[in-house]
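# Got a predicted model here, sequence first, then my questions.
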Amino acid sequence: MGISMRHVVWCAATLSLGSFFYVLTLEPMDETQNPRAAALGRVTPRSAKILHVRRSLAMGQIVAAERQTLELRQQHPEDLAAVFYRAMVMEELGRGDEARSNWRVLALLTRGLDSWQQRYSREQVVYYRAWAVTGLGRLDEGQGEFERLADRLEAQSRDEQGLIASSGVHYNLACYRSMAGQLEAAMAHWERAVELGYMGSVDEQGWWAVDPDLEPLHDIERFWEIGSMGMGRDTGMRGVTGAGEG
């Protein structure tokens, strides 16, 4: 069995993301030598825990993620992100009943959009609700929510020439279109995001390979090829090609 482009890129992306999370959450930084140290030091305990969960998921450390999400939920029982990541981890562990329980809680919490405005934007609440109903098996409803999110973001982001110049916006559109089942459009936004330099900043490297929003694209080999091109700008992966089918 050969090594495909997907395997090569997945390994490189995971290592890149692991290095970033080490720097962000574990490595000590001298504020006199690194101006970012003071800002990163102000990360709230809740935000830091979410970063640890994402790191564990990206590195395949599902047992650690299970422990971290349980603690996160106990400390923040009605926080949207806490419930979301707990549901995700339960899905990964194959604990369907617990996953559905968390998806139901998330669906209930996201009914009242106004109550979350201090911490979450309306768009973020709708995003979590779309995931909640998708997790509960209401796929058409979930896809409709993601499609409406994408339509609104696209309409808000086009300039006078009708173009979208932000790599981050294209990345988010790729995520929303992917979850909406619009895979062709999602791939177009993903390619444009990379063309505009999405991989250029350290905090973006690697997450795309494990981002659940983009999972519907994982069976498309071109998705991994595009990702490898972006990573090649900073990781020396230029010219890497697949060595056969996975």
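Arrived safely, thanks for sending.
# Packing partners of the strand or helix carrying residue 90?
Following DSSP states H and E, one finds residue 90 within helix 80-92. Where contact means 3 or more CB pairs under 8 Å, 6 or more residues apart in numbering; DSSP states H and E, helix 80-92 is packed against helix 45-58, helix 62-75, helix 96-109, helix 122-135. Any C-beta I mention is one placed from the backbone N, CA and C, and that applies to glycine too.
# Now it: average pLDDT?
For helix 80-92, mean pLDDT rounds to 95.
# buried residues in it?
Using 16 or more other CB atoms under 10 Å as the test for burial, helix 80-92 gives 80-91.
# Just the angle for it relative to helix 62-75, thanks.
Taking axes from the mean of the first three to the mean of the last three CA atoms, to 10 degrees, one finds that helix 80-92 is oriented at 140 degrees with respect to helix 62-75.
# Show residues contacting helix 80-92.
46, 50, 53-54, 57, 62, 65-66, 69-70, 72-73, 75-76, 96, 98-99, 102-103, 105-106, 109-110, 116, 120, 124-125, 128, 131-132, 135, 212 (CB atoms under 8 Å, 6 or more residues apart in numbering).
# If we use 7 Å, what do you get?
50, 53, 62, 65-66, 69, 72-73, 76, 98-99, 102-103, 105-106, 109-110, 116, 120, 125, 128, 131, 135, 212 (CB atoms under 7 Å, 6 or more residues apart in numbering).
# Give me the buried entries from those.
Neighbour-count burial (16+ other CB under 10 Å) applied to the contacts of helix 80-92 gives 50, 53, 65-66, 69, 72-73, 76, 99, 102-103, 105-106, 109-110, 116, 120, 125, 128, 131, 135.
# worst-scoring helix or strand of the chain, pLDDT-wise?
Of all the helices and strands that make up the chain, helix 36-40 has the lowest average by mean pLDDT, DSSP states H and E, namely a mean of 40.
# tell me the domain boundaries of the protein?
According to automatic domain parsing, the chain comprises the domains 1-29+138-238, 61-137.
# Among the ones you listed, show the one with the smallest mean pLDDT.
Among the domains of the chain, domain 1-29+138-238 has the lowest mean pLDDT, at a mean of 77.
# before we move on, the earlier item: could you dump the helices and strands packed on helix 80-92 into a markdown table and include distance to residue 143?
Listed next are the helices and strands packed on helix 80-92 as a markdown table, based on distance: least, CB to CB, whole Å:
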| stretch | distance to residue 143 |
| --- | --- |
| helix 45-58 | 23 |
| helix 62-75 | 26 |
| helix 96-109 | 15 |
| helix 122-135 | 8 |
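# which stretch among those comes nearest residue 188?
Closest to residue 188 of the helices and strands packed on helix 80-92, according to CB to CB: helix 122-135, at 20.7 Å.
# name the helices or strands packed onto the closest one?
Packing partners of helix 122-135 (3 or more CB pairs under 7 Å, 6 or more residues apart in numbering; DSSP states H and E): helix 80-92, helix 96-109, helix 139-157.
# Include distance to residue 180 when you put those into a markdown table, please.
Shown next, in a markdown table, are these (distance: least, CB to CB, whole Å):
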| stretch | distance to residue 180 |
| --- | --- |
| helix 80-92 | 18 |
| helix 96-109 | 18 |
| helix 139-157 | 4 |
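# Minimum distance to residue 168: which of these has it?
Per CB to CB, nearest to residue 168 of these: helix 139-157, 9.7 Å.
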